[in-house]
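S.K.: predicted model, plus sequence, below.
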Amino acid sequence: MVVKKLLQPLFAVYAAITFLAGLLICFPFFMLLAAGNDMVYRRAIYRIVRVWAQCWLLITGMPVRVLGSRPQSGRHVIVANHISYLDTVILFPALPGYFRALGKKEFSKVPLLGFLYRQIAIMVDRSSTESRAKSMKLMWRVLKKESDILIFPEGTFNETGAPLKSFYDGAFRLAITSQTPILPVVFPDTVKRWHYSGWWKLWPGKNRVVYLPAIPVTGLTMADLPTLKQQVYEAMEAELVKYGYPG
């Protein structure tokens, strides 16, 4: 523990420098592709981000290991637990293909990263009813015409000490209204790799990504939303506990 406390800030600096270096190398390509502003260009940006994320995780000693069966075809509303900044990085090498994520509008103001965020995420201001409604309509269109949608149903970091926070309705409302199956995914290790309590609390090691069986929603109505949400919550909670989360 003493050695870890001494080395952890140095590792965090190394991780930050290599992350920023990768971003700066890729950024001119992001700028060029962003001018296109359509699905083809967004897919190209996604591919670059995926390679960048894979490389960064490898050189920092935090590789991704996928467990469970990835779906072979079809669109999904992907839901995942959220407890670390690292969650948004491992998504790219972990998920089976191109996707768009629902993200907080505030993050779009971050220099450099905010620009990239605006290209590949769907922005929402949770404090605005109008913004939530617009994002729901956009996600519905993306599911039908473009890609999977990724949502963190807890809304923000889980700092409760329990495996999961309570879920918002959005992901389940989207799945039911679009009749798209839900794909639960859990990250049992990211909190150990990069703890939410400090930017310097990074440490190398495995990053397991566990796929749960997809949950169909065919024929469900909004009256079934509470039951569906509880079913997904219990499945993800049980899987996190199985893998020793938070540990």
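M.R.: Now that the structure is in, tell me what you want to look at. In this text, all values refer to a predicted model and were calculated from it rather than measured experimentally.
S.K.: tell me, what residue is most central in this structure?
M.R.: Closest residue to the average C-alpha location of the chain: Thr88 at 4.5 Å, with Cα atoms, centre = their mean.
S.K.: helix or strand for it, which one?
M.R.: Taking DSSP states H and E as the definition, one finds Thr88 inside helix 87-94.
S.K.: show me what the stretch of helix or strand Leu6 belongs to is packed up against.
M.R.: Using DSSP H and E, Leu6 falls within helix 2-34. Judged by 3 or more Cβ pairs under 8 Å, 6 or more residues apart in numbering; DSSP states H and E, helix 2-34 is in contact with helix 39-59, helix 113-120. Bear in mind the C-beta positions are built from the backbone N, C-alpha and C, glycine included.
S.K.: for Leu24, what are its contacts?
M.R.: Going by Cβ atoms under 8 Å, 6 or more residues apart in numbering, Leu24 touches Leu112.
S.K.: what's in contact with the helix holding Thr88?
M.R.: With Cβ under 8 Å, 6+ apart, helix 87-94 has contacts from 46, 49-50, 53-54, 56-57, 64, 66, 80-81, 99, 101, 150, 152, 185, 187, 190, 207, 209.
S.K.: now do 7 Å
M.R.: Helix 87-94 has contacts (Cβ atoms under 7 Å, 6 or more residues apart in numbering) with 49-50, 53-54, 57, 64, 66, 80, 150, 187, 190, 207, 209.
S.K.: output these as CSV; include the columns distance to Gln230 and neighbour count.
M.R.: Listed next are the contacts of helix 87-94 as CSV, based on distance: Cβ to Cβ, whole Å; neighbours: other Cβ atoms under 10 Å:
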residue, distance to Gln230, neighbour count
Val49, 34, 21
Arg50, 33, 17
Ala53, 32, 20
Gln54, 35, 17
Leu57, 33, 22
Val64, 29, 20
Val66, 26, 17
Ala80, 17, 26
Leu150, 21, 24
Phe187, 21, 25
Thr190, 24, 26
Asn207, 28, 25
Val209, 23, 23
